[in-house]
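**Q** Sequence and predicted structure are below.
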Amino acid sequence: MKRALLRNIDNTNSADINEYIKISGYASLLKALEMKPSDVIDEVKTSGLRGRGGAGFPTATKWAFASMDPKFPKYLICNADEGEPGTFKDRPILEKNPHQLIEGMIISAYALSAEYGYIYLRGEYPNACNILNNAIKQAYGKGYLGDNISGKGVRFHLHVHQGAGAYICGEETALIDSLEGKRGQPRIKPPFPVNEGFLSRPTIVNNVETFANIPYIMEIGGEQYAKIGSPQCPGPKLFSVSGHVKTPGVYELPMGTTLREIIYTHCGGIKDDKKLKAVIPGGISTPILPADKIDCPMDFVSMPRYGSMLGSGAVMVFDESTDLVKVCLRAIKFFEHESCGKCTPCREGVGWMRAILKRICDYNGRETDIEHLLEVSENISGNTFCPLGDGAATVVQNFIKHFRGEFESKIKI
């Protein structure tokens, strides 16, 4: 398919505003400014766009909630934290197509009557920070940002805010607290950010990839966009593929492309022609799939039927030589390190799971360890403010579900 989100990235100067304008950059913004804000929301609704951050919530529905709230000012936040292990799909947009993100945010702000926006950027992306700040400066210079955008009387100001490297700040309420200068910890919901977010005002938080889709929707129209990919989850999708494949990288494909096609057609198959053992399809917190479950369409609706989730679209591939018990331990070490400590089940339980897994990996496991792992994970699931605890529990439960024999073999030795 023709690139929409990664277009022009082969141009070594693609981050420059003049190069972006050459490929009709900011034309979608000018088109949107000729429409009513409500009509822009309707166009996004027609497109069927779902948020690309992992939850897959219908974008226009979220926008409508904030739009109907009478409180002002309203705020627009781009979640560019991208801390999920295995995920690097937003990075090409941030570094190669920053103006597509900026244009998408300006259109979104116009639709929502938001006058202020922030890009909450992953602290480990210093190069992207410099590129974004320069692109924003260029956009101000061309009149696409400021108090009178393109002479239309529309106001929108945009700033980059660097995170401090906390995985938990990828959760929208923890992100908002961090942006306000507080410790990044999740808030209880409701109230939801669309009604009471940044500075207790209506706030929309969307992912980089979500905003990057907006100019394309305005360019080709919602009806045409809805014809791309899966009927219930239309549009292009970025997949970041890593692990034991011949050609890892970021691939832009129609939503609903099967996991098998991604691995064997676009990524060239398994490295050194070994056998496929397992795949994590959407980032470390999504359930692992064995090799015989990869004929699944990669979209938000289909993946649960195959026992997993699309998540961020971060595909992590493991060949036959992989020790999956060690992979499970490494994942739980990450979750333990990144737990904010607010919720007791997560703060204590993830550490307990790490200790049991370490014992198993050291061949000092006990016969009751597997059942203890499952018991602890079940006590974490559904008992935390944010999905971090659920993600850790899911890792353990599904590794044991599909590869229990590997755990047992280490205990029995």
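**A** Now that the structure is in, tell me what you want to look at. Numbering: from 1, shown residues only.
**Q** Listing request: residues of this structure with sub-threshold pLDDT.
**A** 1, 413 (pLDDT under 70).
**Q** what's the offset of the lengthiest strand in it from the middle of its chain?
**A** For the chain, the strand with the greatest residue count under DSSP state E is strand 236-243. Chain-centre distance of strand 236-243: 11 Å, with CA atoms, centre = their mean, to the nearest Å.
**Q** in the very next helix or strand once past that strand, what counts as buried?
**A** As assigned by DSSP states H and E, the chain's next helix or strand after strand 236-243 is strand 249-254. By neighbour count on 16 or more other CB atoms under 10 Å, the buried set for strand 249-254 is Val250, Tyr251, Glu252, Leu253, Pro254. No exception for glycine: its C-beta is placed from N, CA and C like everyone else's.
**Q** what helices or strands is strand 249-254 leaning on?
**A** strand 236-243 (3 or more CB pairs under 8 Å, 6 or more residues apart in numbering; DSSP states H and E).
**Q** what does the strand it packs on rub up against?
**A** Residues external to strand 236-243 that are found in contact with it (CB atoms under 8 Å, 6 or more residues apart in numbering): 1, 4-6, 52, 86-90, 92-93, 209, 213, 216, 228-229, 248-255, 257, 262-263, 266-267, 298-299, 312-319.
**Q** Next, the buried residues of the longest strand of the chain.
**A** The neighbour-count check on strand 236-243 (16+ other CB under 10 Å) flags Pro236, Lys237, Leu238, Phe239, Ser240, Val241, Ser242, Gly243 as buried.
**Q** Just list the residues touching the residue nearest to Ile411 when sequence neighbours are not counted, thanks.
**A** Excluding its sequence neighbours, the residue lying closest to Ile411 (CB to CB, 6 or more residues apart in numbering) is Gly365, at 3.8 Å. Residues in contact with Gly365, defined by CB under 8 Å, 6+ apart, are Ile356, Arg359, Phe407, Lys410, Ile411.
**Q** Quick check: Arg201 touching Pro73?
**A** Yes: between Arg201 and Pro73 a contact is recorded at 5.9 Å, counting by CB atoms under 8 Å.
**Q** more crowded one of these two?
**A** Neighbour count, other CB atoms under 10 Å: between Arg201 and Pro73, Arg201 has more, with 18 against 13.
**Q** Would you list the phi and psi of Gln100?
**A** Taking degrees, to the nearest 10, you get phi -70, psi -40 for the backbone angles of Gln100.
**Q** What separation do you get for it and Asn133?
**A** Distance of Gln100 to Asn133, given as CB to CB, to the nearest Å: 16 Å.
**Q** So those two - more neighbours on which side?
**A** Gln100 (30 against 15).
**Q** Can you name the residues that contact the nearest residue to Ile23 once chain neighbours are set aside?
**A** Closest residue to Ile23 apart from its sequence neighbours, by CB to CB, 6+ apart: Asn8 at 5.3 Å. For Asn8, the contact set (CB under 8 Å, 6+ apart) comprises Ser14, Glu19, Tyr20, Ile23, Lys96, Asn97.
**Q** buried subset of those residues?
**A** Ser14, Tyr20, Lys96, Asn97.
**Q** Redo those as CSV? Include secondary structure and distance to Ala64.
**A** Below are these laid out as CSV (DSSP: H, G, I helix; E, B strand; the rest coil; distance: CB to CB, whole Å):
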residue, secondary structure, distance to Ala64
Ser14, coil, 33
Tyr20, helix, 29
Lys96, helix, 32
Asn97, coil, 27
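**Q** would TSV of those with distance to Leu145 be doable?
**A** Converted to TSV, the buried ones among the contacts of Asn8 look like this (distance: CB to CB, whole Å):
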residue	distance to Leu145
Ser14	19
Tyr20	14
Lys96	20
Asn97	17
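**Q** quick revisit: take the contacts of Gly365 and keep only those in helices.
**A** Mapping the contacts of Gly365 onto helices (DSSP state H) picks out Ile356, Arg359, Phe407, Lys410, Ile411.
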